[in-house]
Each structure stands twice: as C-alpha cells, then as structure tokens.
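Visitor: got a predicted model here, sequence first, then my questions.
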Amino acid sequence: MRRFVLAALLLLTPLSWAAAQGTPEQRIAAARQRATAAGIPVALLDGKVAEGRAKGIPMDRIATVVERRLGSLQRARDAMGGGARPPALTPSDLNVGADALDAGVEPASLGRLAREAGADRRSVAIAVLTQLVQQGMASEQALARVTAALARDPDALRSLPGEARGSGQGQGQARRGPPDVRGPANAAAHGGQAQGGGPPTSVPGAAGKGRGRGHDKPD
C-alpha cells in the first residue's frame, strides 16, 4: 500500500508543479504584482509583453522573458540604490541598469556610476558603460573611462565607444549599440530594445543623456 501511494505521488508531482506555475497570463500578472510591490514600474514589463505579442511569440516564452526581466530590474535597483545617499532612480535608469547587468556589467561598477553621475546624465553614462563592456572591456576599466569623461563634457562621454574601437581596446564581443535610453515610456514600448550606434540625442542630458549577452528580448 505504501509503495502504491509513493508511486502515485511521484506521478502526480510533475503535474502539480506545472499547475502551480499557472498559465502564462497568470505568471505575467504575478510578475506585475511583484513589480508593483517592489516599486518597479510595470510599464517596463508591459513593453516586453507588447513586443512579444506583436511578433507572435508564444505566451509561455513571453512570460519567461517578463519574469527574467523583473529579476534584472530588481537587481539593477538593488545595485544602484545602495549607499548612504541612494540616488532617485527614474524608470529609464532602471531600464538601462537592467540592460547593463544583462550585458555583463559588474553590479558594483553599476552602483558606483549610478551614484556618481548626475541625474541628467545617469542613463546615458550607464548606456556607454554597457557598450564598453559589450566591446570586451572590463567593468572597472570601463567605469574609470566613463567617470573621467563625465568630468569633461557630454561629447567626451558619447565618443568613448568609438575611441575604444579605434584604439583596438575592448574587442572580443559583439559591437552593438547601448540599451535604449530614450525615456521610460518610449523605452518600455520597445521593451528596452537596443538601437545600434550611440545613445540617442533625444535623451535628456545627452546633449548637454545593446543588447547584451543576457538581454531578454522575445525573438
């Protein structure tokens, strides 16, 4: 009798586990609830859903991307929001911060830059840091370059990725553009999709504001 009960439990366990996960729609709804509870704008998740649906991606894959993106956003908030005087992070800051971690930027480097960069230049500085790391530069070295450029002028910051390519530094990974830093609403609508080249000039502070190895984008 005990063997029969044990065998039945073993057979039912996978089914029960699958049922506990819920439908893709339930998983997405749960992720949105967790985002709200954590103070993360749900628009940053809704953009992933809209992008996946527009491309005809199966809902179970979209749910997985949303769950992973929430994890990246939470890690980015934790990395950037530490210290005695944590900065006030915008949705755009969180978005590019998540992209940075997904691209391989070290959390400590991301946190230091978030605290040192001014609010009007934080997103583009993180985007440039991400691009340098995507080119193969170590996080600490990339952080030093970005920090030095911040002390000069916006053009110095924006020209860093091109200078690294021209000098042959930071090679070994795909040379893609930095994460989308155009603003929270527009970035969310595109799911944080990278736009090749450099940070767009429409970002506040870019004139005067990539998809990395782990960037979760439905495809």
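Guide: That came in fine, so what should we check first?

Visitor: okay, CA-based contacts and neighbour counts for the rest of this
Guide: Noted.

Visitor: check contacts around residue 98.
Guide: With contacts defined as Cα atoms under 8 Å, 6 or more residues apart in numbering, residue 98 is in contact with 69, 72, 73, 75, 76.

Visitor: make it 7 Å
Guide: 72, 73, 76 (Cα atoms under 7 Å, 6 or more residues apart in numbering).

Visitor: max-length helix in this protein?
Guide: helix 59-80 (DSSP state H).

Visitor: okay, buried residues for it please.
Guide: Using 16 or more other Cα atoms under 10 Å as the test for burial, helix 59-80 gives 59, 62-70, 72-77, 79-80.

Visitor: what number of residues lie near residue 54?
Guide: 9 (other Cα atoms under 10 Å).

Visitor: relative to residue 87, how far out is it?
Guide: Separation of residue 54 from residue 87 (Cα to Cα, to the nearest Å): 35 Å.

Visitor: got it, and residue 141?
Guide: For residue 141, the distance to residue 87 - Cα to Cα - is 23 Å.

Visitor: these two: which has the busier surroundings?
Guide: residue 87 (18 against 15).

Visitor: I'd say residue 81 and residue 93 touch.
Guide: No. If you go by Cα atoms under 7 Å, residue 81 and residue 93 don't touch, sitting 10.7 Å apart.

Visitor: and those two? Which one has more around it.
Guide: residue 93 (27 against 19).

Visitor: find the nearest non-adjacent residue to that one, please.
Guide: residue 123 (5.2 Å; Cα to Cα, 6 or more residues apart in numbering).

Visitor: for the one helix or strand that neighbour maps to, buried residues please.
Guide: Using DSSP states H and E, residue 123 sits in helix 122-134. Buried residues in helix 122-134, counted by 16+ other Cα under 10 Å: 122-134.

Visitor: before we move on, what about stretch 89-109?
Guide: 89, 91-107, 109.

Visitor: just the residues you listed: which are in strands?
Guide: Among the buried residues of stretch 89-109, no residue falls in strands (DSSP state E).

Visitor: among the residues you listed, which lie within helices?
Guide: Those of the buried residues of stretch 89-109 lying in helices (DSSP H): 91-103, 107, 109.

Visitor: for this protein, what spans make up the helices?
Guide: Under DSSP H, the chain gives helices at 2-21, 24-38, 43-54, 59-80, 91-103, 107-116, 122-134, 139-150, 154-158, 160-166, 184-189.

Visitor: turn those into a markdown table, columns for mean pLDDT.
Guide: Converted to a markdown table, the helices of the chain look like this (pLDDT from 0 to 100):
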| stretch | mean pLDDT |
| --- | --- |
| helix 2-21 | 46 |
| helix 24-38 | 96 |
| helix 43-54 | 96 |
| helix 59-80 | 96 |
| helix 91-103 | 96 |
| helix 107-116 | 95 |
| helix 122-134 | 95 |
| helix 139-150 | 94 |
| helix 154-158 | 79 |
| helix 160-166 | 77 |
| helix 184-189 | 38 |
